[in-house]
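Undergrad: Provide a 3D model corresponding to the input given below.
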Amino acid sequence: MKKLFYLLPVFCISLLFFTCRKDSAEPSNKLTGKWRFVNAVGGFTGRSVINPKGVELYTFKADSTFTRTRNDTLLVQGYFHIGAEKSIFTGTMAPNINFNSKAATSGLLISVKNDSLVLTDNHVEPYGYLYVRVK
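TA: Residues are numbered from 1 along each chain as shown. This next block holds a predicted model:
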């Protein structure tokens, strides 16, 4: 019962991001640019926080290539694809991102709203990863 109570905040946040079709329409067009990792929240209790270890950036380009760097050091690069997957939160199809690299986590649900990017694990005890657009 406690586990369910702790997962409620993660579920509510994810539900807000994925139930509005207008905001999730064509996320690949909104994704182009640089995104700085702010933090991630979730896990077993729903309260675990992951903070960045330096300046972590995703750069997404219109040609479907991406890079991920930490403190200007390349961690991974490759191609990405925006698809759709049934969300465990809503039971409906939601946009997801897949990477061609084993060093990048694929199958994350994706939501781009204004200058915020949220990538969410699509499984029980998920983490939601918050990124902000670098201007």
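Undergrad: which stretches of this structure form helices?
TA: Secondary structure of the chain by DSSP state H: the helices cover 2-18, 21-24, 27-31.
Undergrad: which residues touch the residue nearest to the spatial centre of the chain?
TA: Centrality entry for the chain: nearest residue to the mean C-alpha point is residue 119, 0.9 Å, by Cα atoms, centre = their mean. Residues in contact with residue 119 (Cβ atoms under 8 Å, 6 or more residues apart in numbering) are 97, 108-110, 128-129, 131. All C-beta atoms are positioned from the backbone trio N, CA, C, and that covers glycine.
Undergrad: of all those, which comes closest to residue 73?
TA: residue 131 (18.0 Å; Cβ to Cβ).
Undergrad: what's the burial count for the closest one?
TA: Neighbours of residue 131 under the rule other Cβ atoms under 10 Å: 21.
Undergrad: tell me what it is bridged to.
TA: On the basis of DSSP bridges, residue 131 takes part in beta bridges with residue 37, residue 117.
Undergrad: which of the residues in the lengthiest strand in the chain are buried?
TA: As assigned by DSSP state E, the longest strand anywhere in the chain is strand 73-86. Neighbour-count burial for strand 73-86 flags 77, 80, 82, 85 (criterion: 16 or more other Cβ atoms under 10 Å).
Undergrad: ok, the spatially closest residue to residue 53 that is not a sequence neighbour - contacts?
TA: Closest residue in space to residue 53, ignoring its immediate chain neighbours: residue 70 at 6.6 Å, by Cβ to Cβ, 6 or more residues apart in numbering. Residues in contact with residue 70 (Cβ under 8 Å, 6+ apart) are 53-57.
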